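Undergrad: Everything below, folded, please.
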Amino acid sequence: MRVKHVAGITLIVIGALLAFNGAMNASQSLVNAGIGGVFLGIVVLTFSTSDYMKYDAFRAVVHPYVESARNLVTSLGLKGRAVYIPPYSNMPEGGVFIPLHEDFSIDLARTDSRTVFLTDTGREKEMGLILTPAGKELVSMYEEFSGMDFANAGLQVVESISAVLKSLGLARSVDAEESDGRIRIYIDGVKMREVCSEECEQIACPICSSAMLSLAKAFQELIMVEKFSFDDRFVEISARKIGGIERWM
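TA: Sure, this is the predicted structure:
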């Protein structure tokens with residue numbers, strides 16, 4: 001086993017333990033440190049060189065994170081679907097907000113990259129969980145491949161998403177269409193198909209979350225998941241744009 005693999009797995013294990021302890025003890029700093037460790041471990045394993053890890057190793061690393069994040073959402077009793085937030089001044093890498101209730105609001109002026117639990121608000125509809133999307137590093141790869149920043153790039157970013165995921169062996173293709181503020185994303189041959197479920201509407205795998213975060217950045221709007229649908233070949237994501245950063249400040 002290569003040194004980078006040992007280092008990456010060690011970071012992920014330590015990060016998962018820190019995040020779990022932080023969640024159990026209501027320690028925001030521990031949760032942040034844990035999530036940071038998990039993502040750093042994924043980066044070390046997956047993106048440190050052009051020699052990308054094989055899918056079975058990718059699955060072994062990512063699957064436990066997805067399950068842990070879903071368990072956290074269940075434990076907190078969060079009912080709302082994921083809202084993908086494009087990068088802005090307070091959150092340079094963007095984020096995903098999982099509301100406490102389906103009828104929600106969010107004050108982006110009160111959130112930043114260090115925020116995890118949104119509980120210090122007088123309005124229950126603003127409460128929820130803020131996470132760094134699992135696919136943020138994939139978004140960086142899409143932009144590097146295309147040679148452009150996705151900000152305001154529109155639906156054309158799907159071409160880069162599709163090409164990179166295909167080259168990594170993580171999906172066969174990605175297509176998207178937009179109509180009246182609603183977006184449908186079709187991902188053919190997602191490799192993490194075994195984790196696909198209705199829970200993706202809150203916590204999606206890095207493949208699907210990277211597509212959602214890319215489009216949030218490309219449209220410069222918050223994008224709320226409406227539904228994940230599955231068949232033997234495709235993952236279909238239905239979502240809608242709910243306004244730019246200024247609307248939610």
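Undergrad: Look at Arg247 and say how many residues are nearby.
TA: Number of residues near Arg247 (other C-beta atoms under 10 Å) recorded here: 10. From N, CA and C alone the C-beta is placed, and that goes for glycine too.
Undergrad: mind checking the SS state of Gln156?
TA: helix (DSSP: H, G, I helix; E, B strand; the rest coil).
Undergrad: And for the closest residue to it other than its chain neighbours, the neighbour number?
TA: Nearest non-adjacent residue to Gln156, counting by C-beta to C-beta, 6 or more residues apart in numbering: Ala218, 7.9 Å away. If you count neighbours by other C-beta under 10 Å, Ala218 ends up with 22.
Undergrad: and if you look at the one 5 residues further on?
TA: By other C-beta under 10 Å, the residues close to Ile223 number 28.
Undergrad: these two touch, right, it and Ser238?
TA: No. With contact defined as C-beta atoms under 8 Å, Ile223 does not reach Ser238; the gap is 10.8 Å.
Undergrad: residues bridging contact with these two, i.e. touching both?
TA: Common neighbours of Ile223 and Ser238 are listed as Ile183 (criterion: C-beta atoms under 8 Å, 6 or more residues apart in numbering).
Undergrad: which SS class is the most centrally placed residue in the chain?
TA: The geometric centre of the chain, computed from its C-alpha atoms, lies nearest to Pro133 (C-alpha atoms, centre = their mean), at 2.6 Å. Following three-state DSSP, the label given to Pro133 is coil.
Undergrad: Spit out the contact partners of it.
TA: Pro133 neighbours (C-beta under 8 Å, 6+ apart): Tyr84, Gly94, Gly95, Val96, Ser209, Ser210, Met212, Leu213.
Undergrad: So what sits opposite the fourth one in the bridge?
TA: This points to Val96. Tyr84, Leu131 (DSSP bridges).
Undergrad: any idea how far it is from Val164?
TA: 20 Å (C-beta to C-beta, to the nearest Å).
Undergrad: who's more crowded, these two?
TA: Between Val96 and Val164, counted using other C-beta under 10 Å, the more crowded position is Val96 (26 against 21).
Undergrad: Give me the distance between the more buried one and Gly154.
TA: Val96 is 21 Å from Gly154, by C-beta to C-beta.
Undergrad: For the chain, which residues score under the pLDDT cut-off?
TA: 1-11, 13, 17-34, 36-37, 39-40, 42-61, 119-122 (pLDDT under 70).
Undergrad: what residues does stretch 160-173 touch?
TA: With C-beta under 8 Å, 6+ apart as the criterion, stretch 160-173 contacts 52, 55, 58, 138, 141-143, 145-146, 174-175, 187-192, 207, 210-211, 214.
Undergrad: 6 Å - rerun?
TA: 52, 55, 141-142, 145-146, 174, 187-191, 207, 211, 214 (C-beta atoms under 6 Å, 6 or more residues apart in numbering).
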